[in-house]
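# Model the structure of this input:
(chains A and B)
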Amino acid sequence: MGPFLVGVDIGGTFTDCVVLDADGSITATKSSSTPHNFAQGMLAAMGVAAERLHLSFDEFCKQISVLTHGTTAGTNALIQRKGAKVGLLMTRGHEDAIHIMRGSRGVTSRDMAKVVHFPESGKPVPIVPKRLIRGVSERVDCFGDVVVELNEAEATQAIDELLAEGVEAIGICFLWSFKRPEHEARVAALARERAPHLFVSCSHEIAPKWGEYERTTATALNAYIGPIMARYLANLDRELKASGYRNPLQITQCGGGSVSVAKAMESPLLTLDSGPVSGVTGSVYLGRLMDTPNIITTDMGGTSFDVGIIERHQPTYSFISNVAQYEYFLPKVDIQAIGAGGGSLARVDPVARTLRVGPDSAGADPGPVCYGKGAQTPTVTDADVVLGYINPENFLGGRIVLDRAAAVASVQRVADQLGLSLEETASGIAKIAEFRMADIIRKMTVEKGFDPRDFVLHAFGGAGPAHASIFGAELGVKRVIIPQKEIASTWCAFGAASADILHVHEQVDIQASPFDAKRLNKTLTELQKRANRELDHDKIDRSRRQFQFSLDMRHRGQINEVEVMLPEGRLTAALFEPLRQRFYERYEQLYGRGSSYRDARIEIVTLRLRATAPTPRPKLARAARMSARILAAAKRPSRPVYWDSLKASVATDIYDGAQLKPGNTLAGPVIVETTDTTVVVHPGRRLRVDEFGNFEITFGEAA
Amino acid sequence: MSARPLKAAARQAQSKNTSPGRAKASTQAGAQPKATTRASAALQSPAVTLTRRPRVSEMDPALFDGRAMGYVPPDTLTISPTLRLQRASVADIDPITYEVVRHALWHVNEEHGATIQRISGSPVAMYALDLNPSILTEDGEFVYFGPYMQYMSGVTDTQVKWILENRSGNPGIRDGDMFLANDPWVGAAHQQDVMLICPVFWEGELFCWVTNCLHQYDIGGITPSSFCGSAESAFEEGICIPPVKIVENNEIRRDIEELYLRASRKPQAVALDFRAQLAGNITARDRVLALVSRYGPQVVKGVMRRILDHSEQAFLDKLRRLPDGVWRERTYVECCRPGDRRTHQVMLTLRKKGTELIFENDGTADQEGAMNATYSGWRGSIMVALNQLLCWDQYFAIGGALRHVRFDPTPGTFNCANYPASVSTAPVQAMEISLYPTYNVLSKMLFGDPQMREDIMCIGGTSQWPATLFRGIDQWGERYGYLLVDPIGGAIGAFATGDGINTGGQSRTPICKLPNVEHTEQTFPLLFLYRKEVVDSGGAGRWRGGMSAESCFIPHGTDTITHDTLSSGNATPTAPGIMGGYPGSVNVYQFRTGTDVHEQFAQQRIPAAISDVAGREVTLQLRQENFAQTKSDVYSVIWSAAAGFGDPFERDPERVLADVLDNRAVSIEAARSIYGVVISEGRLDAKATARVRRVARAKRCQSPESVQKLTGKQISQVTDTLAVRRSGGKAHYCCVKCATDLGPVRENYKLACVREDRDITHANPNIGDWRRYIDDEPVFRQFFCPGCGSLIENEIARAGDPVLHDIELHLR
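Numbering: from 1, shown residues only, chains lettered A, B, ... in the order given. Next comes the predicted model:
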């Protein structure tokens, strides 16, 4: 029993809650999400958990030591365009930066194959119209020197005009403000003077990085979701406090840890897209426990397939993110997504008469054909039903009874168009989706200098465990882990519960070698000061603080930057040569042997500090003993399942995952059902329940 | 030129072709081989006399060997028997395997491009994305090309075919070889676009090709950056390399590499880019071979063939839905060499006959000065638009469509120039002007089909590139030279279904990204006063063209910057609209010297427009070299914007209002003068708007007696403003709104319209005085329906040029 670590993850359809107690026991619950007031669904999921633990809600709340919450409220506001009315203040002459979008249409996140079809690849609807953008005379140059002093009269007038327009938030982004933030800070003060309750966001605070478009976007997005997130979080905080929860509420952030609710209200941008990141956080934790430093994480849900990479226990990062076609600066655990989920649509190309799967999805409504909500086009989930992977009577623990006949009919229609059998078509749909998933993973590993054979693969999300053993084998990973058999589908909530407090601070200071150690150290010290201020705020004891410094470096004259770790924390002349070597090593790992260019000078662009404070760790219980004996209660009635490798439908053993014990081993073909997901073990593969209660799938030679 | 009988010309041509002295051929068009008896079917009769210079199809194919004239691959390639080609393929592949392999091949190409970008890391590769990878079959048909610089793949298949024909015997094409090439007469946009071409072998047989192309900073020539704006021939430009084996048996040949690098002012950058290209090819080759070893060569080849066959089928299906006919566009290039004040006509003709498309350039000016492109450049340009409007649903698999497209230009014209014309600036002029009008002719053809209508697109921004080439010592004390890449911010033309995309990039580089101002200011000694979208730049229309932008800077951290300009389309718009749409803005250079900009800075004021600084206005010519910009001199460049679609009077006044207030895309004056929309005190005056529009139309009507209305059934809609109806058993054009007869479909409907010739400044508010740059007066011609006064079409022409016959339907 308590104290409890609680993670709550709010998704589009379900709100998941995971409770870890002091002994390492896990309670996972689900409740429907409540988009009109997400707090309701969250409290409901926690309520179910309290019930399972035989506690009153108040008693449960009192025993929570840390409650970490992952929210999509910001992302949703953005996607549904329900954010605040934002005014932007820019350096005069550069008001259009966010509209010009660097002359791109934000296509990096879109289907490349269609990128030349311009009628359907326009720019996004602007989150700030030109009418609400004002220029202010002020100018700093690339050295950080003031070229034009801030014209306060212009600034004041601009603020007044925006207030008269009824803006609810103001973003401020001046050129080179990351070199000299005074002008932005002064204008923010002017804005706060004139409208004390206005949400004000400054670019040098939210994203002190080099490049005004991505910095402006970060600032504008932060302002856009700021008021909504502030309301949402304040409301949640109040309700929790009313329920007796006394400790700070932590919010997961896209950098892979959590921040206090106060910080999240000030920089809500940190929460954008943080949901899938929690899954990676959970895998980092599990990887340490299981001593598997290199992990490919895969989360296959209804609409998308999200992939993250963990190398030597560290998630890989990206420093430019993308949301609704807008690119913005933010250090974020790198997650790449493709439209391949249970809901991905299978269609016959009218000209080529071939089968295409995804990237468009049936979404939550109407969902797959088998949901019986009137959809006609089969999805991957429908194929899974036809193949016999999914038991129509026991989907999501029986919460939804699936219409197998409708799924069969829809797949049959596709089969008829292709001249294939029903089963061939269904397994083809699955296979195409699986190979697309393998391709995106290959892209994230091989193209970044990682060999998938050095990795284990974690498969979570509702639809993942049904397909992971195929794409895992395709990539040649060592083995597939379906973490914590009962909570694979609530893995992100588990990840939230295991998240550390994390603050990432960045400062750009572009300098070519030979470096000025004094100048760099001054910046590093400043970063540490900023971090300490945040951690003081979080009331984190000095002894618990950990600092990890790094530098983004590149060849002078080139664009590609790589992050080089600086465990020494400060620079000395003696470190220059080792630093140079670290840079080459890292560069060549990412870009290939011989790709570095040793005659060129190297350049430091960004200095970074990740400041963490470990939260109380969940302790996953290790099984006291391993047992080969499979309980009779674990066996469920067998059913026919079509196996592509056998080209036949055969009566296949079905097991109840909840009843399998550590040490139990099953040989494929076999299917294991848990409350929320289905593990498909193909012929020749082997499934074992490990000592932590994870399902582990191994392939031919390893078995 | 004088007409001459084909036979005689052919004899002369052949004797020239065999003469070893042909490399000395003058760049002057008149001195070239002319025609041959191997003519197209239409010209079989030996007695035919041409009043124009012959097209490719009318000449001896042997002439097009990639030496004196651009290489035109024959239908059957002559390949040494020592090279064994893997041709066998499985026809019957199950749809699942097909899709898995197809997707993998697409990924191979994507990974290929990503590898080049990662390793090169140069701003050219990362921002301008001036690169492209391709996969081709063993005999040089496209399977896939990439989403980067679209020109480049159009020149790739000719390279591969030339290598097969000219290198398979000596020095041979073997496993582990790669060829370096940039000869524009074999296949390259210009010398800076260097290709690395890799044959992929499986068990001793040539299975396929993987290739890439990457723009190099400098490969020699009289001008740093190798854009040689004053060159008179290729001998003054960068090194020109016909395909040469630079990698042999998987080893770089150092002798060849050094020969290549020796020409460059930036050998280290070129060397690094070469490594990137090499790594790209190796990655792609390994990935293809992994597929082959898994699925077998015949299955993978079968998938390649099917990709081509499917794209061919899809293309044919589309062509069958469209009427036959001829579509034409006319544009002009300005300034072919420093000091030139003439305009040079560019004609593009598209013929559709059944399921064949034929592109011609008859009427295009002769090759001259430094404005030229080669056959492959012209062809590659057209392929860009062809792919985007007709093959976009085939994901860059254009090879199948190409089986039904004939490129039949006239050698000796400036966009099909013969050796040794200067072609180093081709991509910013001759190729842009070959590409962009293709959008208009294809759009007019596609409009006939209600579904394909949704795919059309008007000419986009930067249809001629206003180059800003500058050099000096930077703020860090180092020597630099640069081409300002801002104009890739372009603009996208209007659609039949909506407005174009403001600063949506150049359509020929669909995923490009221009550097941030802070990026440019860090690297070069500049301070940008502004970079902003330009009001009224987008061509007016029922759907407006995308706005372009303006970049304006002063030197910063240096005392002086040395500049060259290189531009065209500064007097005459090069993005004409269609179906009543107006042209996008011209390119604009502005330069003010000795200004008060620093005084304004001291008073805490940043000028928002170059007109806000006081100084001496200097007109920059379009190929002006070596002028200095010192501390108080303000330089600005507007790149040309995108064209509009349909009659602006048909635009919803609410949209015009939003363009004025929210989007800052249209000025209040243009709203009234071009759109006929009256806005007062921030509100739409609907009544006044209706009145302005009504009065303007009424002025253009002819007396009702002189107009004939057609009563027959409408057969088709030809443009947004023009329909076809039957009249006495014959098909006639008519106004879509009032059915006024505009003549038989074989004739030019414009001749039946009320024509108004206006000063060119009426075409777009950003057009200035043409006399600063050219001697020929450009005019804006408008053609109105005599029945209702509605705008039917516009055209841009030199005052003396005939009315363009832009649509000629051949209805069956």
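# okay, how far is it across stretch B:705-714, tip to tip?
Stretch B:705-714 has an end-to-end distance of 22 Å (CA to CA, to the nearest Å).
# Please tell me how far that stretch is from the chain's geometric centre.
40 Å (CA atoms, centre = their mean, to the nearest Å).
# who touches that stretch?
Stretch B:705-714 is contacted by residues B:723-727, B:732, B:734, B:738-741, B:786-787 when judged by CB atoms under 8 Å, 6 or more residues apart in numbering or on different chains. To be clear about C-beta, it is placed using only N, CA and C from the backbone, and glycine gets the same treatment.
# Restrict these to the buried ones and give me that as a ChimeraX selection.
In ChimeraX, selecting the buried portion of these, with burial taken from 16 or more other CB atoms under 10 Å in any protein chain shown, looks like this:
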select /B:723,724,725,727,732,734,738,739,740,741,786,787
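# Can you tell me which of the contacts of stretch B:705-714 is closest to B:V160?
Using CB to CB, the shortest approach to B:V160 within these belongs to B:V724, at 43.2 Å.
# Just the element for the closest one, please.
Element membership of B:V724 [criterion: DSSP states H and E] is strand B:722-727.
# who does that strand pair up with?
Using DSSP bridges, the strands paired with strand B:722-727 are strand B:714-717 (antiparallel), strand B:730-735 (antiparallel).
# Neighbours of whatever residue of the stretch 351-500 of chain B ends up closest to chain A, how many?
Of all residues in the stretch 351-500 of chain B, B:G489 sits closest to chain A, with a separation of 3.1 Å (CB to the nearest CB). The number of residues packed around B:G489, counting by other CB atoms under 10 Å in any protein chain shown, is 27.
# So for the helix or strand hosting A:V672, what gets flagged as buried?
With elements taken from DSSP H and E, the one containing A:V672 is strand A:670-673. The neighbour-count check on strand A:670-673 (16+ other CB under 10 Å) flags A:V670, A:I671, A:V672, A:E673 as buried.
# mind giving me a markdown table with these and columns for distance to chain B and pLDDT?
Formatted as a markdown table, the entries for those read as follows, by distance: CB to the nearest CB, whole Å; pLDDT from 0 to 100:
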| residue | distance to chain B | pLDDT |
| --- | --- | --- |
| A:V670 | 24 | 96 |
| A:I671 | 22 | 96 |
| A:V672 | 26 | 94 |
| A:E673 | 27 | 91 |
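# So what touches the strand holding B:V724?
So strand B:722-727 is contacted by B:579, B:710-718, B:731-736, B:739, B:741-742, B:745, B:749, B:792-793, B:807, B:809, B:811 (CB under 8 Å, 6+ apart).
# hmm, back to that, show me which pair in the contacts of stretch B:705-714 is furthest apart.
Checking those against each other with CB to CB, the farthest-apart pair comes out as B:R726 and B:P786, at 20.1 Å.
# Which of the contacts of strand B:722-727 are buried, as a ChimeraX select command?
Selection of buried members from the contacts of strand B:722-727 for ChimeraX, criterion 16+ other CB under 10 Å:
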select /B:579,710,712,715,716,718,731,732,733,734,735,736,739,741,742,745,749,792,793,807,809
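# How is the residue nearest to the spatial centre of chain B assigned, secondary-structure-wise?
Taking CA atoms, centre = their mean as the criterion, B:L435 is the residue nearest the geometric centre of chain B, at 2.7 Å. Under the three-state scheme (DSSP: H, G, I helix; E, B strand; the rest coil), B:L435 adopts helix.
# B:V423 sits in which helix or strand?
Under the assignment given by DSSP H and E, B:V423 is not contained in any helix or strand.
# ok, it touching B:S376?
No: B:V423 is beyond contact range of B:S376, at 10.3 Å (criterion: CB atoms under 8 Å).
# Please enumerate the shared neighbours of these two.
Counting by CB under 8 Å, 6+ apart, the residues touching both B:V423 and B:S376 are B:P184.
# one step back: so which of the contacts of stretch B:705-714 sits lowest on pLDDT?
Ranked by pLDDT, those bottom out at B:S727 (83).
# the strands in the stretch 101-250 of chain B, which residues?
Assignment of strands within the stretch 101-250 of chain B using DSSP state E, counting those that start in this stretch yields the ranges B:131-137, B:142-145, B:178-181, B:193-202, B:205-215, B:244-248.
# Export these as JSON lines, with columns for distance to chain A and mean neighbour count.
Rendered in JSON lines, the data for the strands of the stretch 101-250 of chain B read as follows (distance: least, CB to the nearest CB, whole Å; neighbours: other CB atoms under 10 Å in any protein chain shown):
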{"stretch": "strand B:131-137", "distance to chain A": "12", "mean neighbour count": "28"}
{"stretch": "strand B:142-145", "distance to chain A": "10", "mean neighbour count": "28"}
{"stretch": "strand B:178-181", "distance to chain A": "16", "mean neighbour count": "24"}
{"stretch": "strand B:193-202", "distance to chain A": "16", "mean neighbour count": "24"}
{"stretch": "strand B:205-215", "distance to chain A": "14", "mean neighbour count": "27"}
{"stretch": "strand B:244-248", "distance to chain A": "14", "mean neighbour count": "20"}
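# possible to save these as CSV with mean pLDDT?
Converted to CSV, those look like this (pLDDT from 0 to 100):
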stretch, mean pLDDT
strand B:131-137, 93
strand B:142-145, 88
strand B:178-181, 98
strand B:193-202, 97
strand B:205-215, 96
strand B:244-248, 97
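# Take those and write them to CSV, including distance to A:R479.
As requested, the strands of the stretch 101-250 of chain B are arranged in CSV below (distance: least, CB to CB, whole Å):
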stretch, distance to A:R479
strand B:131-137, 34
strand B:142-145, 34
strand B:178-181, 39
strand B:193-202, 33
strand B:205-215, 34
strand B:244-248, 40
